[in-house]
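Trainee: below are the sequence and a predicted model; questions follow.
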Amino acid sequence: MKRQLFFFILLFLGKIVFAQPANLSVSSIPDELRRNAHGVVRYSSTEFNYQSATSGIERHTVYITVFDRRGSHLADFYFSGDNFRRLTRFSGALYDSNGRQIRRIRQSDLRSTEFSYNLADDSKHYFFSCESPTYPFTVRYTYEVRWRKGISFLPTFIPQTRHNLSVEKAIYHLNIPENLRILSQALNFSETPNETVTNRGRTRSEWRIENLPAVEAEPMSPPLHEQIPILYLSPENIVFDGVSGTITDWNSFGLWIYGLFEGRDRLPEASRTKILELTEDAENDREKVRILYDYLGATTRYVSIQLGIGGYQPMPAAEVFRTGFGDCKGLTFYLRSMLAVVGIPSNFVVIRSDERNKTLMHNLPNFVEMNHAILQVPLQNDTLWLESTNPNLPFGFIHNGISGNDALEITKNGGRLVRLPDYPDSLNVDKNSAVVRLFPDGRAEVTAQKERHVKLYDVSFVRLRPMEQMDRMRRTISLPNVTMNNVQVTEDRSPLPSLTINYEWTTPAYGTRTGNRLFIPVNPLRTSITWFQAANRTHDIQIDLGFYYSDSIQVIIPEGFEVESLPTSIVEKSPFGKFQSHITFVENKILIKQSFFCNSGRYSAEYYESIRRFFERVNSGYSQKITLRRK
């Protein structure tokens with residue numbers, strides 16, 4: 001599932017020159033392209049010549065002007081190739097602010113590496129870090145990539161690949177045989193190209209984009225790819241590493257993937273015998289699935305293997321059984337094969353795992369939107385979505401990387417778009433309770449408990465070493481010089497999982513002493529939410545993860561002190577959530593109860609001022625002070 005990542009993210013660095021920009025002087029850049037920009041693409045050209053179903057030539061040239069040091073990364077070159085795409089030519093140049101060339105960049109200046117975190121990978125990476133003694137400056141890169149062994153998708157046109165990057169002019173040329181059928185999807189610009197037919201029976205299509213202002217990076221914004229022009233292209237007839245197919249919709253896409261499974265689900269007799277032994281006393285199918293899911297986690301480990309068609313085709317189940325490792329495809333397919341032994345049908349599912357609430361392009365089947373595989377098990381009264389790569393995840397829990405995302409279910413009948421279930425915001429609970437014994441000098445001894453539920457459940461915390469757990473908990477307390485004395489963790493591994501963390505800590509500075517007064521925080525277990533500090537807003541607000549915070553703190557005040565002032569109660573309601581704070585004094589104890597419910601959702605930028613005021617009120621409630629006075 002790797003090939004798609006490169007085009008989705010990286011095709012921005014260059015496009016082959018058809019004509020050099022007439023004026024590279026920085027002074028010629030229009031003011032509207034300077035606004036909110038650290039750099040501007042002065043001229044970008046991509047050309048792809050489709051030669052056959054297995055070969056093509058991709059040429060790029062790009063001129064980028066960098067305004068300041070914050071945009072220095074925009075001038076760097078990076079290309080990742082493999083056995084299907086090879087960098088064959090490269091050149092570049094560096095220009096000063098007046099457009100005068102001050103340096104040539106040669107192919108010998110490129111650095112390359114075949115290093116990979118994958119166990120097996122055929123990638124080769126080329127990079128060049130561009131440095132200029134002064135700002136602003138302009139850099140040009142021109143390079144050529146040769147495609148071989150198959151074309152399953154065409155280069156994606158993404159002229160604006162970063163926040164705070166504007167585009168003066170970008171061109172995409174596609175040169176294909178006249179009878180080649182192409183599927184396309186244009187986002188945020190017109191899809192209709194200028195087309196000409198050559199006397200050699202080829203069609204030349206051209207798309208142009210000009211004068212794109214920079215997209216300002218703002219907290220809690222929709223993903224950049226939803227805000228910029230992108231053109232996806234894919235041939236109907238594909239070949240990849242010798243495997244051909246016709247893909248016209250998601251159904252036929254699924255048929256092509258399913259065809260890669262043939263003959264790979266056979267397990268050796270030793271494996272089949274073990275599977276039957278493990279499940280012979282199971283009361284029902286769900287219990288059998290759980291047993292085999294746990295067995296998978298106990299006997300295998302995840303490694304990434306991306307060689308040739310192996311980017312899409314799973315390892316044979318027998319090989320995973322023999323070696324004890326596999327990537328997401330191999331482990332998922334292995335679990336599918338084990339379930340088949342006990343007569344439980346399941347479906348291979350491909351999905352994107354690094355973007356929340358991912359919606360696939362329904363009209364364009366493609367290899368660029370998905371990077372992961374999971375297993376769907378449709379039982380009589382429930383459907384399980386199983387993550388085979390992380391055995392620490394509780395059985396039946398749909399983790400944050402995939403919950404609520406579109407996916408493609410793959411069966412012998414083809415592919416079918418489905419959407420994974422998601423959890424209500426109200427289940428994502430972070431709950432604190434604490435008893436604080438306060439001393440006259442401001443010291444405190446605290447016994448506390450934290451609960452984290454469902455999407456706020458952190459499976460990695462349990463696997464940390466004790467000192468790491470202490471460090472993690474120490475960082476949740478907004479007080480100086482905290483000493484963590486003890487941390488005990490209890491894990492609920494149900495389909496709605498949670499962690500309960502009991503911990504004890506001390507600090508010499510829970511309160512601040514001034515004369516005969518002692519000032520203490522209302523809630524040191526929460527920090528300010530800094531998402532909406534800017535005065536103005538351009539883009540919609542997208543809150544992906546809704547949650548419910550609940551805090552109950554009991555402060556035992558030291559003998560000889562009394563309460564001088566308590567903050568007033570707060571009840572703040574809005575379409576974005578609800579915040580409550582109630583603080584009372586009973587005998588020698590201050591009782592603090594606060595709760596904050598935050599709704600997930602997308603809100604128009606016109607509501608920004610209301611959202612900002614709401615979160616300011618929440619932050620104010622968390623940061624209030626209580627004043628004690630010596631009697």
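Mentor: Yes, it's here.
Trainee: who touches the nearest residue to residue 70 once chain neighbours are set aside in this structure?
Mentor: Using Cβ to Cβ, 6 or more residues apart in numbering and skipping residues adjacent in sequence, the residue nearest residue 70 is residue 38, 4.9 Å away. (Each C-beta comes from the backbone N, C-alpha and C, glycine too.) If you count contacts by Cβ atoms under 8 Å, 6 or more residues apart in numbering, residue 38 has them with 66-68, 70-71, 74, 164-165, 214.
Trainee: any chance of a markdown table for those, columns secondary structure and distance to residue 562?
Mentor: Shown next, in a markdown table, are the contacts of residue 38 (DSSP: H, G, I helix; E, B strand; the rest coil; distance: Cβ to Cβ, whole Å):
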| residue | secondary structure | distance to residue 562 |
| --- | --- | --- |
| 66 | strand | 62 |
| 67 | coil | 59 |
| 68 | coil | 56 |
| 70 | helix | 53 |
| 71 | helix | 58 |
| 74 | helix | 61 |
| 164 | coil | 54 |
| 165 | strand | 60 |
| 214 | coil | 57 |
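Trainee: buried by neighbour count, from these: which ones?
Mentor: The neighbour count (16 or more other Cβ atoms under 10 Å) marks 66-67, 71, 74, 164-165, 214 as buried among these.
Trainee: for the spatially most central residue of the chain, helix, strand, or coil?
Mentor: Geometric centre of the chain, nearest residue: residue 354, 3.2 Å, by Cα atoms, centre = their mean. With DSSP: H, G, I helix; E, B strand; the rest coil as the basis, residue 354 sits in coil.
Trainee: the spatially closest residue to it that is not a sequence neighbour: which element?
Mentor: What sits nearest to residue 354 in space, not counting adjacent residues and going by Cβ to Cβ, 6+ apart, is residue 401, at 6.5 Å. Assigned by DSSP states H and E, residue 401 falls within no helix or strand.
Trainee: now do residue 562
Mentor: strand 561-565.
Trainee: which SSE is immediately downstream of the helix or strand of the chain with the lowest mean pLDDT?
Mentor: Lowest by mean pLDDT, DSSP states H and E among the helices and strands of the chain is helix 3-10, with a mean of 37. Next along the chain after helix 3-10, taking DSSP H and E as the criterion, comes helix 31-34.
Trainee: can I get that next one in CSV, CA atoms only?
Mentor: Output of helix 31-34 as CSV, limited to C-alpha atoms (Å, rounded to 0.1, in the frame of the first residue of the first chain):
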residue,chain,number,x,y,z
ASP,A,31,1.3,41.8,-3.9
GLU,A,32,-1.6,39.3,-3.6
LEU,A,33,0.9,36.4,-4.0
ARG,A,34,3.1,37.8,-1.2
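Trainee: who does that helix touch, helix- and strand-wise?
Mentor: strand 165-177, strand 202-212 (3 or more Cβ pairs under 8 Å, 6 or more residues apart in numbering; DSSP states H and E).
Trainee: for those, which one sits closest to residue 183?
Mentor: Proximity to residue 183 (Cβ to Cβ) singles out strand 165-177 among the helices and strands packed on helix 31-34, at 12.3 Å.
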